[in-house]
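S.K.: Compute the structure for the input listed below.
(2 chains)
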Number of protein chains: 2
Amino acid sequence: MMKIGLLGHGTIGVGVDRIIKKREDMEVKKILSLVIDDEMEGRTAADLSEITMDPEIDTVVEVMGGIHPAFEYIKEAMEQKKNVVTANKAVVAACYDELIALAEKNGVFLRCTAAVGGSIPWLVNIERARRVSDIFEVGGIMNGTTNFILHKMLTEQAEFDVVLKEAQDLGYAEKDPSADIDGDDIRRKVLISANTAFDVSIPEEAIPTFGIRTVRLKDVSWGVSNGLTLKLKACAVKNADGQIEKAFVEPVFLKSGDILSAIPANYNLVYYTGSYCGTQSFIGEGAGRFPTAHNVVEDLIDILETPETFYTVKRERKVPENHVKRLYYVRTVAEDRWLLETAHEEAEGVYCLEAYVDEIHLWAKQMKEKDPGFFMAALE
Amino acid sequence: MMKIGLLGHGTIGVGVDRIIKKREDMEVKKILSLVIDDEMEGRTAADLSEITMDPEIDTVVEVMGGIHPAFEYIKEAMEQKKNVVTANKAVVAACYDELIALAEKNGVFLRCTAAVGGSIPWLVNIERARRVSDIFEVGGIMNGTTNFILHKMLTEQAEFDVVLKEAQDLGYAEKDPSADIDGDDIRRKVLISANTAFDVSIPEEAIPTFGIRTVRLKDVSWGVSNGLTLKLKACAVKNADGQIEKAFVEPVFLKSGDILSAIPANYNLVYYTGSYCGTQSFIGEGAGRFPTAHNVVEDLIDILETPETFYTVKRERKVPENHVKRLYYVRTVAEDRWLLETAHEEAEGVYCLEAYVDEIHLWAKQMKEKDPGFFMAALE
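M.R.: Numbering: from 1, shown residues only, chains lettered A, B, ... in the order given. Sure thing, here's the model as predicted:
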């Protein structure tokens, strides 16, 4: 019988707790939560040490979110020889090397399947496929909030701020939506996916990221009039030498026949491509109480049944090159010499141009200072 | 080091052999094949006993296809205490109970991941998800050949026999395409999927099946003019009492926004729906040398690493009820009183009606005798 200490009793934590209550192979013994509720039934821990110093508890589930104090709590749990399962992509992406080193040093498990793709059995399938095929590409639509927003803008011809408000009212977007709409959440997910698929460790700041904060209905409509659907997509590619040729997050205009363009509402589509297995795509809800909690419990069962500490072993530090050319759509009211020299003006303030990924993301940062409404998207 | 006896050295067999040649944890020691080729390099077995009586060989990979003599060969291998991995859906569907009983009696493994979905990690993910969620629905586009045909008919406005010929020339369809176009192949796949997901044993003849042998361009075009895409789809549903409420194979007209309608060429989309995990969909190539061989080798590694004999344990015998109403499109030149009484005539010889699945499939068999060109498809 696995005895669990649960850190966090919010949306995911309650889901995990309810699933485990119906099982006979595991039990939530203590819960640390800022807010106490009835479902905690006398299992409230006064502080972290009540969990980490309990010799009966062998596994800690961290579903608090955020980097601090989640990292310190996980660290303390592992130093007290507890296995750790987390659904927290922020802490895994930011403290990737430290967390894995702690797990190895203390001989405990670290699993985070629910951190990427919510309900999708994603990292575990990458781990499986790597046993046979060399995985050289990962990517997809990795954030349900932004996909919900872009899907609604398209189907209801609604403006960004109206749809964002609706997403917040429905609980699909947070009060401060920055991590979603600025692409930080996706950057963390593609980082963890690429690290797992390529057995590397990519620094978070080395992944150029452009979100959808400045997208407007006219951008979505420009796509429609050209037979294209706008999505926020991530990708990472390893080349034959084992270098990370590409790893970035940006809005893309996709051809309407593309399966990615058909992914609705808060769903995710994630894919990997490998030497023998070809491209495998997975579609499921990217968030939500029980879908995410399902994968947390899968991780717990894996700890009971399988012997690996983490998904990968070597984890060489690698920085993406991103020196590859792509076609871009750019909308800006700012004047810029480079833009006038290289781009073709499609309509007033709308330009199409070819550019290197690494260069255009640096340039986009400067442009955003000149024009806060600056928007760009790749054309695939 | 796993020592393997390989039965069959065709498309899949050669793929398996080439992948294993690059590995250090397994080796193909002997190969039984009707045709001898250079790649077999002195590993040719003169007959089955050279493999089954070899005490060094612990595992037999069967990629011959067909029910006989594949069943007898697998049986002999298991009785000689060899584990068996097969990509052969015909033999697994037809001899499901016998094969599992043989595996259990002899204490050997039986795995068949490549039998359903080709490259997709399908049965293994059902097996995993069942550890946490109750799976109550499986289905999807499970046959690449028929999807290739329907996709081509749609995109090139081409007639069925022209596209079938093209599929045969490209190697996507066999010389005798019956198993694909009559839906037998899909019936076997949905049977194995449902058996694995619901832990039951469904008799193959209890799954009503209508294929696309009689589909014509005018049917596809009727869909287009109504905003619908025609696909050949399977589904199976377990109800709250554990009975199999539905399990059938039939053409369906899907709304254009449906992800299934966007699945191109020879790809498959398979999905399961579970109590906590929601709907999880998987897209990949449904056939092909290396994609399929990838999953055969995954099964071999699972035998090296995990302890389960098969995907399920109980396997109660269950017959689908199929007494559920659906909307249907029917095209026929035959006269029929029931049709005139119940259907709405859309155009000359084209009818729409509501009917029970079990009843309309029985009726369709009679109608095919009166009108060999009879075609029907559900409207979803």
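
S.K.: pretty sure A:Asp199 contacts A:Lys318?
M.R.: No - using C-beta atoms under 8 Å, A:Asp199 makes no contact with A:Lys318, being 9.7 Å away. C-beta coordinates here come from the backbone N, C-alpha and C atoms, glycine included.

S.K.: list the residues that contact both of those two?
M.R.: Between them, A:Asp199 and A:Lys318 share no contacting residue under C-beta atoms under 8 Å, 6 or more residues apart in numbering or on different chains.

S.K.: okay, now the residue of the stretch 51-200 of chain A found nearest chain B: neighbour count?
M.R.: Nearest residue of the stretch 51-200 of chain A to chain B, counting by C-beta to the nearest C-beta: A:Val132, 4.7 Å away. A:Val132: 23 surrounding residues under other C-beta atoms under 10 Å in any protein chain shown.

S.K.: And it, how far from A:Cys277?
M.R.: Here A:Val132 is placed at a distance of 7 Å from A:Cys277 (C-beta to C-beta, to the nearest Å).

S.K.: Spit out the residues that contact the two alike.
M.R.: Counting by C-beta under 8 Å, 6+ apart, the residues touching both A:Val132 and A:Cys277 are B:His294.

S.K.: quick one: the strands in the stretch 51-200 of chain A?
M.R.: For the stretch 51-200 of chain A, the strands defined by DSSP state E, counting those that start in this stretch cover A:59-62, A:83-86, A:110-111, A:135-141, A:200-201.

S.K.: Could you export the ones you listed to JSON lines, including columns for mean neighbour count and mean pLDDT?
M.R.: Output for those, formatted as JSON lines (neighbours: other C-beta atoms under 10 Å in any protein chain shown; pLDDT from 0 to 100):
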{"stretch": "strand A:59-62", "mean neighbour count": "26", "mean pLDDT": "98"}
{"stretch": "strand A:83-86", "mean neighbour count": "26", "mean pLDDT": "98"}
{"stretch": "strand A:110-111", "mean neighbour count": "26", "mean pLDDT": "96"}
{"stretch": "strand A:135-141", "mean neighbour count": "23", "mean pLDDT": "98"}
{"stretch": "strand A:200-201", "mean neighbour count": "20", "mean pLDDT": "95"}
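
S.K.: What is the burial count for the closest residue to A:Thr11 other than its chain neighbours?
M.R.: Sequence neighbours aside, A:Arg289 is the residue nearest to A:Thr11 in space, at 5.0 Å (criterion: C-beta to C-beta, 6 or more residues apart in numbering or on different chains). Counted with other C-beta under 10 Å, residues neighbouring A:Arg289 total 17.

S.K.: Now do the contacts for A:Arg289.
M.R.: The contact partners of A:Arg289, by C-beta under 8 Å, 6+ apart, come to A:11-12, A:14-15.

S.K.: All the strands of the stretch 201-350 of chain A, residue numbers only.
M.R.: Counting by DSSP E, counting those that start in this stretch, the strands of the stretch 201-350 of chain A are A:228-238, A:244-255, A:267-274, A:278-285, A:316-317, A:325-331, A:344-347, A:350-356.

S.K.: The third one versus strand B:278-285: what angle between them?
M.R.: Orientation note: strand A:267-274 sits at an angle of 30 degrees relative to strand B:278-285 (axes from the mean of the first three to the mean of the last three C-alpha atoms, to 10 degrees).

S.K.: which other helices and strands contact strand A:267-274?
M.R.: Counting contacts by 3 or more C-beta pairs under 8 Å, 6 or more residues apart in numbering or on different chains; DSSP states H and E, strand A:267-274 packs against helix A:122-129, strand A:135-141, helix A:144-156, helix A:184-198, strand A:278-285.

S.K.: now with 6 Å?
M.R.: helix A:122-129, strand A:135-141, strand A:278-285 (3 or more C-beta pairs under 6 Å, 6 or more residues apart in numbering or on different chains; DSSP states H and E).

S.K.: In JSON lines, list the ones you listed along with distance to A:Phe71.
M.R.: Listed next are the helices and strands packed on strand A:267-274 as JSON lines, based on distance: least, C-beta to C-beta, whole Å:
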{"stretch": "helix A:122-129", "distance to A:Phe71": "19"}
{"stretch": "strand A:135-141", "distance to A:Phe71": "25"}
{"stretch": "strand A:278-285", "distance to A:Phe71": "27"}
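
S.K.: Against chain B, how distant is the residue located most distally from the centre of chain A?
M.R.: Distance to the chain centre peaks in chain A at A:Glu341, reaching 36.1 Å (criterion: C-alpha atoms, centre = their mean). Using C-beta to the nearest C-beta, to the nearest Å, A:Glu341 is found at 39 Å from chain B.
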